[in-house]
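here is my input, please return the structure:
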Amino acid sequence: MKTKFLLRAAVIAVTAVLSFSAAQAEDKPLRIGLVLPMTGPFEYLGRQVYAGVKLYMEQHGDWVAGRKIELLLRDDTGTAPETTKRYAQDLVTNDNAEVLAGFGLSPLAFAAAPVATQAKVPMVVMSAGASAISEKSPYIIRSGYTLVQYVAPLALWAAKNGVKNVYTLVTDYAPGHDAEAMFSKVFTDNGGTIAGSVRVPLKSPDYGPYAQRIKDANPGAVFAFVPGSEAPALMKQFQTRGLTEAGIKLICVGDVTDEDILDGLGDAAVGTITSLFYTPALAGVQGREKFTPENISFTNAFEKDNPGMRPDHMAVTGYDGMHLIYSVLEKTHGAAGGDAFVAAAKGMSWVSPRGPMSIDPETRDPIQDVYIRKVERIGGHLYNVDFDRIARVDNKGVPVAQAVGK
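All right, here's what the predicted structure looks like:
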């Protein structure tokens, strides 16, 4: 009898504590610390992610599971990992942020990862694409992508479509190294040859000498990965040094022909082949009836809220990042502790403006479709028009059905 009484008392006590905690959670706003480059050379990236975040909140409100969502935006300028880490620490320690999100570039996400681990706070990486990011903390979930996820399909496309030898040019940081290694492996595994490789500095590179070196090597194509902010300089030198006239194709990751800068690249960009997990012109820009319904709704709402801006892949990762956060909170009834948050996120799936996507329960990275696209001039504007699709690609660039079959 005494044992039963003690057990009953313990159950009552635990229930009371949980009820009290739930009541406290409902009374307490949930703060999301959003760390993005809103100024500096990567401002375009931060603006797109932030616009996507705001659009989702505008459409779905700022209350989830009985808790009011408060967004705390911090501008880390995108160039100083120590600043990103300091902001993340301050958001968790002093501002009581229960979720960290954003993170524009991979070195910045790497810097913030220990903060998430130590505080057991979920960290939703919306932009940074280095493969190893999700391995740096068990509390990291990505709503964005891994870079190799769309590099591998591009390398396979090139090898299967008459490109025999390629010169690689990448920015000298973690994503660039990932891109170079993955492209080279897949391309050579499928019969191609790497004619040469070069890594350029992250800050203020001069592409002229590199372009001349590539022209002298006379490859069939150049595979390029540089941040979108560097694309105009790369395209200019590609044209100035006569690579196009020499018959050297340009194939790139989609960041290089980003929607936010595409019109400004001019005719030098026409014909460029890229790969990415999103384009506003899904299924072709001619006729919006061909768009997915989700993409129609997203692009229309985005352009209405942000006059003069086209949504790009970063806008979608911000939008989907908030979808992920909201959906997890609904499953956990407003609890945002790192372990519960991650458990709820694993295996989650939905239809995004980019197409169907899910969170891999093993890696906490997205599984999503990848599109092969070509820059075309239509109606006086440049567009990335997709003409091929690789379905359900995992974080290593392998279609899930193929990976399962191995």
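
please state the offset of stretch 292-309 from the chain centre?
18 Å (CA atoms, centre = their mean, to the nearest Å).

an error on my part: the question was meant for stretch 112-123.
Worked out by CA atoms, centre = their mean, stretch 112-123 lies 19 Å from the chain centre.

where along the stretch 301-406 of the chain do the helices fall?
313-332, 338-345, 400-405 (DSSP state H, counting those that start in this stretch).

quick check: which of the ones you listed is buried the most?
Highest mean neighbour count among the helices of the stretch 301-406 of the chain (mean count of other CB atoms under 10 Å): helix 313-332, with a mean of 24. For every residue, glycine as well, the C-beta is placed using N, CA and C.

elements contacting it?
Counting contacts by 3 or more CB pairs under 8 Å, 6 or more residues apart in numbering; DSSP states H and E, helix 313-332 is packed against helix 43-60, strand 63-64, strand 99-102, strand 123-125, helix 293-305, helix 338-345, strand 349-352.

hmm, back to that, out of the helices of the stretch 301-406 of the chain, flag the one nearest residue 160.
For residue 160, the closest of the helices of the stretch 301-406 of the chain is helix 400-405, at 14.9 Å, according to CB to CB.

restrict the helix or strand residue 110 falls within to CA atoms and write it as CSV.
Per DSSP states H and E: residue 110 is located in helix 106-119. Taking C-alpha atoms only, helix 106-119 is exported to CSV below (Å, rounded to 0.1, in the frame of the first residue of the first chain):
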residue,chain,number,x,y,z
SER,A,106,29.6,27.6,-44.2
PRO,A,107,32.5,29.0,-42.1
LEU,A,108,29.9,30.9,-40.1
ALA,A,109,27.7,27.8,-39.5
PHE,A,110,30.8,25.9,-38.4
ALA,A,111,31.6,28.7,-35.9
ALA,A,112,28.1,28.6,-34.4
ALA,A,113,27.7,24.8,-34.1
PRO,A,114,29.5,24.5,-30.7
VAL,A,115,27.0,27.0,-29.3
ALA,A,116,24.1,24.8,-30.3
THR,A,117,25.7,21.7,-28.9
GLN,A,118,26.6,23.3,-25.6
ALA,A,119,23.2,24.9,-25.1
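
mean confidence score for it?
What helix 106-119 shows for mean pLDDT is 97.

buried residues in that helix?
106, 107, 108, 109, 110, 111, 112, 113, 115, 116, 117, 119 (16 or more other CB atoms under 10 Å).

ok, now which ones touch the nearest residue to the first one once chain neighbours are set aside?
In space, and not counting its chain neighbours, residue 106 is closest to residue 130: 3.6 Å by CB to CB, 6 or more residues apart in numbering. Taking CB atoms under 8 Å, 6 or more residues apart in numbering as the definition of contact, the neighbours of residue 130 are 106, 109, 110, 146, 147, 174, 175, 178.

gap between residue 130 and residue 365?
11 Å (CB to CB, to the nearest Å).

which neighbours do these two share?
Common neighbours of residue 130 and residue 365 (CB under 8 Å, 6+ apart) are residue 146.
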